[in-house]
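S.K.: please work out how this folds:
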Amino acid sequence: MKLRTFRFSLLQGFYWMGACMVYAYAERMLLSCGFQTGTIGLILAFSYLSAIFLQPALAAAADRARRVTLRLGITVCAALSAAFALAALFGSRVLAVFAALLGALSGVTLAVQPLINSVGFHYIDSGQDLNYSFARGVGSVAYALASLLFGALAARTKTMLAVYVVMQAGLFVVALTFAPHKSGAAVLETPGSPFGVLRRYPAFVLFCVGTLVLTVPHMVLNSYLASITKITGGDMSVMIAIAALVEFPAMTAYSYIRKRIPDRVLLVASASVYLLKTGLLLFAAYLPIGAWAVYVSAALQMLCYAVYAPASMYFANDSVRETDRVKGQMLLTEAGLFAGVLSMLLGGFAIELFGVGITLILCEALVAAGVLLVWLALRKRA
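M.R.: Residues are numbered from 1 along each chain as shown. I've put the predicted structure just below:
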């Protein structure tokens, strides 16, 4: 068990180190190239749109071609991401080409995440010991360390891309140490259309919509921190590191917490904390309260995202029939990707047209709407 968990922790670690550049520093890199936030929003929205189409394509390939395995899928995606990064490194003088390559590598990085998770669930579903929550927590720690590293390299785009290539190489090598397990895509060969989930589980669909609405402001804050911290104060890389580090104890302990507190209660409570997290940034944008509010907002990640993310996965698993569980998880994942598209467009254009303050007000309103929808969905299912 220890060796298996160690290797899976390395897999999560290398993935989330690379993802840190995509989630948190893509805006900063594009700003340094002279792009406006509205244009950046379009570029990043393209990344999420490409991931929306790429994820089902990866699953379909695994379903049709019996030789396709999780290991092969991860290694091919890691190689593609590294190739796009190298091309962007040498083609950075042509801004349109650079933006397209950065968007492409971001899309591949986003799309490979379900394959990473499926490696862990393969062992769990087959009854083998694996501490999934611990490994995911290691991914958060790796994200925090990568944030500090990228923060120190923020003025050197080429160096950041070179570091990203090294991280993808690490992901490639670690993936090769796993057995060539089959993808869970085969589970999709169950009776009924995937769209049947929409008809059979209206409360779960409402929950996914609420999660989408709640995730939009969360991703606006994560992806446009370079612009936000110019107004609120605080160091962007330190804020990201704090948020990622506090995820580790919460995610590691979640499997024990849910034995004492129902998932429904944890979902509503963690969703409500987003109101305080976003509200602190809103106050910091309009009032001279100091950078402490920014860092407290980051620390609240422990009580919102770090709880809501695993709780929503368990809720999705428990809300549908066994034959629909993969479809349910895919619906929840797609909701997150659509939220990414909307957040990139909203954040980019709202900041450019109205400024950071108004954007944070919009984010707080969306969080309130998301909390209400989640509460109604849980109440409807109860």
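S.K.: now Gly233: phi and psi?
M.R.: Dihedral angles of Gly233 (phi, psi; degrees, to the nearest 10) stand at phi 90, psi 180.
S.K.: so who does it touch?
M.R.: Ala284, Gly290, Ala291, Val294 (C-beta atoms under 8 Å, 6 or more residues apart in numbering). Placement of C-beta: from N, CA and C, glycine included.
S.K.: the third one contacts Met236, doesn't it?
M.R.: So the one you mean is Ala291. No - Ala291 is beyond contact range of Met236, at 11.1 Å (criterion: C-beta atoms under 8 Å).
S.K.: CA atoms only for whichever strand or helix holds Leu10, dumped as CSV, please.
M.R.: Assigned by DSSP states H and E, Leu10 falls within helix 2-24. C-alpha atoms of helix 2-24 as CSV (Å, rounded to 0.1, in the frame of the first residue of the first chain):
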residue,chain,number,x,y,z
LYS,A,2,2.7,2.5,1.0
LEU,A,3,4.6,2.1,-2.3
ARG,A,4,1.4,2.3,-4.3
THR,A,5,0.3,5.5,-2.5
PHE,A,6,3.8,6.9,-2.8
ARG,A,7,3.8,6.5,-6.6
PHE,A,8,0.3,7.8,-7.0
SER,A,9,1.3,10.8,-4.8
LEU,A,10,4.1,11.5,-7.2
LEU,A,11,1.7,11.3,-10.1
GLN,A,12,-0.6,13.8,-8.5
GLY,A,13,2.3,16.0,-7.5
PHE,A,14,3.8,16.3,-11.0
TYR,A,15,0.4,16.8,-12.5
TRP,A,16,-0.6,19.7,-10.1
MET,A,17,2.8,21.4,-10.4
GLY,A,18,2.2,21.7,-14.1
ALA,A,19,-1.4,22.6,-13.6
CYS,A,20,-0.4,25.5,-11.4
MET,A,21,1.1,27.3,-14.4
VAL,A,22,-2.1,26.8,-16.3
TYR,A,23,-4.6,27.7,-13.6
ALA,A,24,-2.7,30.5,-11.8
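S.K.: about what we covered before: are any of the contacts of Gly233 buried, and which?
M.R.: Buried subset of those (neighbour count, 16 or more other C-beta atoms under 10 Å): Ala284, Val294.
S.K.: on that earlier part again, other SSEs contacting the helix holding Leu10?
M.R.: helix 95-111, helix 113-125, helix 132-152, helix 157-176, helix 202-223, helix 236-257 (3 or more C-beta pairs under 8 Å, 6 or more residues apart in numbering; DSSP states H and E).
S.K.: and Met236, what pLDDT?
M.R.: If you check Met236, the pLDDT there is 88.
S.K.: how close does it sit to Val112?
M.R.: Using C-beta to C-beta, to the nearest Å, we find Met236 at a distance of 25 Å from Val112.
S.K.: buried ones in stretch 357-368?
M.R.: For stretch 357-368, burial by neighbour count (16+ other C-beta under 10 Å) applies to Gly357, Thr359, Leu360, Ile361, Leu362, Cys363, Glu364, Leu366, Val367, Ala368.
S.K.: and the fifth one, what is it in contact with?
M.R.: With contacts defined as C-beta under 8 Å, 6+ apart, Leu362 is in contact with Pro217, Leu346, Ala350.
S.K.: contacts only, for the closest residue to the first one other than its chain neighbours.
M.R.: Pointing back at Pro217 there. Once flanking residues are discounted, Pro217 sits nearest to Cys363: 3.5 Å by C-beta to C-beta, 6 or more residues apart in numbering. Counting by C-beta under 8 Å, 6+ apart, Cys363 makes contact with Val216, Pro217, Val220, Leu221, Thr278, Leu282.
S.K.: report the rounded mean pLDDT for the one helix or strand Cys363 maps to.
M.R.: Per DSSP H and E: Cys363 is located in helix 356-381. Per-region confidence: helix 356-381 scores 94 on mean pLDDT.
S.K.: do the same with stretch 246-257
M.R.: Averaging pLDDT along stretch 246-257 yields 86.
S.K.: buried stuff in that stretch?
M.R.: So for stretch 246-257, counting by 16+ other C-beta under 10 Å, buried means Val246, Glu247, Phe248, Ala250, Met251, Thr252, Tyr254.
S.K.: give me the residues contacting it.
M.R.: The contact list for stretch 246-257 (C-beta under 8 Å, 6+ apart) reads 133-134, 136-138, 140-141, 266, 298-299, 301-303, 305-307, 309-311.
S.K.: at 7 Å instead, please
M.R.: Applying C-beta atoms under 7 Å, 6 or more residues apart in numbering, the contact partners of stretch 246-257 are 133-134, 136-137, 140-141, 299, 301-302, 305-307, 310.
S.K.: off-centre distance for it?
M.R.: On the basis of C-alpha atoms, centre = their mean, to the nearest Å, stretch 246-257 is displaced by 17 Å from the centre of the chain it belongs to.
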